[in-house]
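Enquirer: sequence below, structure please.
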Amino acid sequence: MSTALNTVTLRQELPDQSQLREFADLALNEARRLGADAASVALGSGVGLNVNVRNRELESVEFQRDNDLGITVYFGQCRGQASSADLNSASIREVVAAACTIARHTQPDPYAGLPEAELLASNPRDLELDHPADLSVAQATELATICEAAALDADPRISNSEGANVSSHRGIDYIANSLGFRGAQATTDYSISAAVIAGSGEGMQRDYWYERGRQADIFSSGASVGQRAAQRAVARLDSRRLSTRKAAVLLPPEHARGFIGHLLSAASGGALYRRSSFLLDRLDTQVGATLLNIRQMPWIPGAYGAGWFDSEGVATREYELVRGGILASYILGSYSGRKLGLPSTGNAGGIRTLEVAPTAGDLDSLMQQAGSGLLITELMGQGVNASTGDYSRGAAGIWFEDGSAAFPVQGITIGGNLLDLYANILAIGNDIDQRGVVRCGSILVDGLTIAGE
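Expert: Numbering: from 1, shown residues only. Predicted structure coming up:
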């Protein structure tokens, strides 16, 4: 590697809050000067480094520095929006003028407008989301090399590599509006991953693994990430097809959170007011097994999705989304709430940190509970009808008998209706994956249709 690369260092320096406040105030004052009745502005700035190593050689280095500003103005209930990647006075004035021009040519929307002032956040919280650490290209390359080498050396059946990646990112978001709200939040995000290919005879299988966290100490797990990727790839060798059947399906945490994600999408205001949700008119009704409890918990320190305000400046709050299998709330911002005649839940911009309450032990204990069934290792395709809840995904996995792995499986499809599947949840594990906004353990579901031979 060249001396130049060895001396390049990621300097995670961002505009401070006073600079961002100046830009925001300029935008809001300019909107007022041009006749807007109300306005909101969102600013973001980020810096990041991505390093990829493949077959023990440095493959690519990518450095990012991004800025953006979005302005929304209201002339009565006529709305205009515009954005820019330049944070300077001239560009800000231009983008505000563009938003005002757009607003003057749009039709009134009775649901448009800033959130209600009493809902705005006023209690800043330090949620420990920002842990900046310098990472040179040389250091990142060494970390990725260690990770990939651990995968390549883990088993003689590892025949090739799709590479290892080390990523480091820091960003800050600043929200302001003409009601007086001002809020900023800085975050860091670090990850390390590997993907490798295993071969046996003429058969080949690919798999991956990764770790992610707010602090750079996750990079110490690089060797174990590589080894886990190799183990997963080797475990898929000599896969078979299953005959078509109904059986218990065990979703490990990394797939369980996606399974819960379908429920979140259906409970979101946008899907509901567009009438494209299988949870339409299902508030306060049973939508899952009585053991299913899901709670938004947006103030967990260091958690993904944590925040004390949403993208409109509305205060986030803890609330139960599903209680004993009953849908206790929708997921709403101000606009979708008004469309549905309900108050905002502080979810403009999406769900905050959400926890699915465990009811059982880890994945191994759920396998023991089920006895036999299919442990999912990969899901393919979208395969979800948002309006009806019909679910069908290509899949690969491990068939298990007597609570232990029997043989790998591929070339199958799993399916059912999501409302039926949520009702048939048998257990939720305590092996909670904290690498995403949805914090969930393994989920055991009975009665899925497995379409095979």
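Enquirer: and the helices in the protein?
Expert: Using DSSP state H, the helices of the chain run over residues 3-7, 17-33, 89-104, 137-152, 222-235, 253-266, 269-273, 334-340, 363-370, 418-423.
Enquirer: okay if I get those as JSON lines plus mean neighbour count, distance to residue 194 and mean pLDDT?
Expert: Heads up, the C-betas are built off the backbone N, CA and C, glycines and all. Compiled in JSON lines, those are given as follows (neighbours: other CB atoms under 10 Å; distance: least, CB to CB, whole Å; pLDDT from 0 to 100):
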{"stretch": "helix 3-7", "mean neighbour count": "10", "distance to residue 194": "21", "mean pLDDT": "41"}
{"stretch": "helix 17-33", "mean neighbour count": "18", "distance to residue 194": "37", "mean pLDDT": "95"}
{"stretch": "helix 89-104", "mean neighbour count": "18", "distance to residue 194": "41", "mean pLDDT": "97"}
{"stretch": "helix 137-152", "mean neighbour count": "22", "distance to residue 194": "5", "mean pLDDT": "97"}
{"stretch": "helix 222-235", "mean neighbour count": "22", "distance to residue 194": "4", "mean pLDDT": "97"}
{"stretch": "helix 253-266", "mean neighbour count": "21", "distance to residue 194": "15", "mean pLDDT": "97"}
{"stretch": "helix 269-273", "mean neighbour count": "21", "distance to residue 194": "36", "mean pLDDT": "96"}
{"stretch": "helix 334-340", "mean neighbour count": "21", "distance to residue 194": "40", "mean pLDDT": "97"}
{"stretch": "helix 363-370", "mean neighbour count": "19", "distance to residue 194": "21", "mean pLDDT": "96"}
{"stretch": "helix 418-423", "mean neighbour count": "20", "distance to residue 194": "32", "mean pLDDT": "97"}
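Enquirer: which residues in the stretch 301-450 of the chain form strands?
Expert: Counting by DSSP state E, counting those that start in this stretch, one finds strands in the stretch 301-450 of the chain at the ranges 319-323, 326-327, 354-356, 373-380, 390-401, 404-417, 425-428, 438-439, 443-451.
Enquirer: nearest to residue 280, out of those?
Expert: Judged by CB to CB, the one of these that comes nearest to residue 280 is strand 326-327, at 10.9 Å.
Enquirer: what is the neighbour count of residue 285?
Expert: By the criterion of other CB atoms under 10 Å, residue 285 has 10 neighbours.
Enquirer: and what of residue 267?
Expert: The burial count for residue 267: 26, using other CB under 10 Å.
Enquirer: related to what we said a few turns ago, to residue 315, which of the helices of the chain lies closest?
Expert: Using CB to CB, the helices of the chain put helix 334-340 closest to residue 315, at 12.2 Å.
Enquirer: alpha carbons of that closest one, in CSV - could you do that?
Expert: Output of helix 334-340 as CSV, limited to C-alpha atoms (Å, rounded to 0.1, in the frame of the first residue of the first chain):
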residue,chain,number,x,y,z
SER,A,334,-48.6,15.2,11.8
TYR,A,335,-49.8,14.9,8.2
SER,A,336,-50.9,11.2,8.3
GLY,A,337,-52.5,11.8,11.7
ARG,A,338,-54.6,14.6,10.4
LYS,A,339,-55.6,12.5,7.4
LEU,A,340,-56.8,9.8,9.8
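Enquirer: packing partners of that helix?
Expert: helix 269-273 (3 or more CB pairs under 8 Å, 6 or more residues apart in numbering; DSSP states H and E).
Enquirer: tell me which other helices or strands the helix it packs on touches.
Expert: Counting by 3+ CB pairs under 8 Å, 6+ apart, helix 269-273 packs on helix 334-340.
Enquirer: please repeat the previous calculation with a cut-off of 10 Å.
Expert: helix 253-266, helix 334-340 (3 or more CB pairs under 10 Å, 6 or more residues apart in numbering; DSSP states H and E).
Enquirer: pLDDT score for residue 202?
Expert: The score at residue 202 is 79. That number is its pLDDT.
Enquirer: and for the residue lying closest to residue 426 once chain neighbours are set aside, the neighbour number?
Expert: Once flanking residues are discounted, residue 426 sits nearest to residue 444: 4.6 Å by CB to CB, 6 or more residues apart in numbering. By the criterion of other CB under 10 Å, residue 444 has 25 neighbours.
Enquirer: where does the stretch 201-350 of the chain have low pLDDT?
Expert: Applying pLDDT under 70 to the stretch 201-350 of the chain picks out no residues at all.
Enquirer: where do the strands sit along the stretch 101-250 of the chain?
Expert: 135-136, 158-177, 182-200, 203-213, 245-251.
Enquirer: so which of those strands comes closest to residue 273?
Expert: Among these, if distance is taken as CB to CB, the winner is strand 158-177, at 22.7 Å.
Enquirer: may I have the strands that pair with that closest one, each with its orientation?
Expert: strand 38-54 (antiparallel), strand 182-200 (antiparallel) (DSSP bridges).
Enquirer: now render those as CSV, adding distance to residue 110.
Expert: Formatted as CSV, the strands paired with strand 158-177 follow (distance: least, CB to CB, whole Å):
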stretch, distance to residue 110
strand 38-54, 15
strand 182-200, 27
